[in-house]
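Participant: Have a look; sequence and predicted model below, questions after that.
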Amino acid sequence: MPVAKKFWLMKSEPDAFSFDDLMAEPDATAHWDGVRNYQARNMMRDDMQVGDKVFFYHSRTKPPHIAGIATVVKAGYPDHTALDPKAPYFDAKSDPENPRWFMVDIQGERALDPVVSLDDLKDNPALEEMKVVQKGQRLSVQPVTQAEYDEVLRMEERMRTNS
DNA sequence: GCCAACGTTGGC
DNA sequence: GCCAACGTTGGC
C-alpha cells in the first residue's frame, strides 16, 4: 500500500536559489543540498517521499512568502556537497562510507498566484499552529499538515478571485 | 544592517 | 554532561 502523501515547507533565500530559478527550465529538478541541520536532515532522510508536496518559501526577502509548489521527485540520499572540500557546505566530519548529510530532489509544479506572504499566514487564525508562523522557528525544512496545505491554497484562491 | 532566537561546539 | 561562547538564521 502506498505511503500517504505528506506536505512540507522548504525555505530558500531567493538571492541564492529562487522558485523562478527552479522553474526556469521545463521539468527541471533541483537537489536540495547544503542543509546542515540534524532535524531537517532527519526529515529528508527518513520522512520525505516521492510525490510529497512542498511549499517553496522565500526567506530573508520583503516580504517573506510562499512562492510556489514543488513535488519531491527523489527521496533522501547522501548530499555529496558535504564530501567536496571545494564546496561551500563541505563538512570534514562527513564520511563517504557513512554520510552525515542528506538531500532530496524536487521539481517545480506551479507558482502561487498571488504568492502568500508570511503576514497573510499570520493573519489567518486557522494557521496559528503552522510552524513557519511560530517565533524563532528557523528550521529550513518543516512538516506541514494537510489541513494547513489546503488552507494556504484556499487563501491563494480567495486572493486571486478578490483582486 | 541589526539582533533575538536557536543549534552546535568544546573546555572543563 | 554542563553550559558559555560562538555561528547562523531570518524577521524586522
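Facilitator: Nice, I can see it.

Participant: neighbours around A:D46, how many?
Facilitator: Applying other Cβ atoms under 10 Å, we find 11 other residues in the vicinity of A:D46. (C-beta placed from N, C-alpha, C; glycine too.)

Participant: ok, the closest residue in space to it that isn't next to it in sequence - contacts?
Facilitator: Spatial nearest neighbour of A:D46, chain neighbours left out: A:G76 (6.9 Å); criterion: Cβ to Cβ, 6 or more residues apart in numbering. Residues near A:G76 by Cβ atoms under 8 Å, 6 or more residues apart in numbering: A:44-46, A:48, A:102-104.

Participant: Widest-spaced pair of those residues?
Facilitator: Spanning the widest gap among the contacts of A:G76 are A:D46 and A:M103, at 13.0 Å by Cβ to Cβ.

Participant: Just say helix, strand or coil for the closest residue to A:A30 other than its chain neighbours.
Facilitator: Distances taken as Cβ to Cβ, 6+ apart put A:L22 closest to A:A30, at 5.4 Å, once the chain neighbours are dropped. Classification of A:L22 by DSSP: H, G, I helix; E, B strand; the rest coil places it in helix.

Participant: Work out for me the element the closest residue to DNA strand B within chain A sits within.
Facilitator: Closest approach between chain A and DNA strand B, counting by Cβ to the nearest atom of the strand: A:G136, at 2.2 Å. Counting by DSSP states H and E, no helix or strand carries A:G136.
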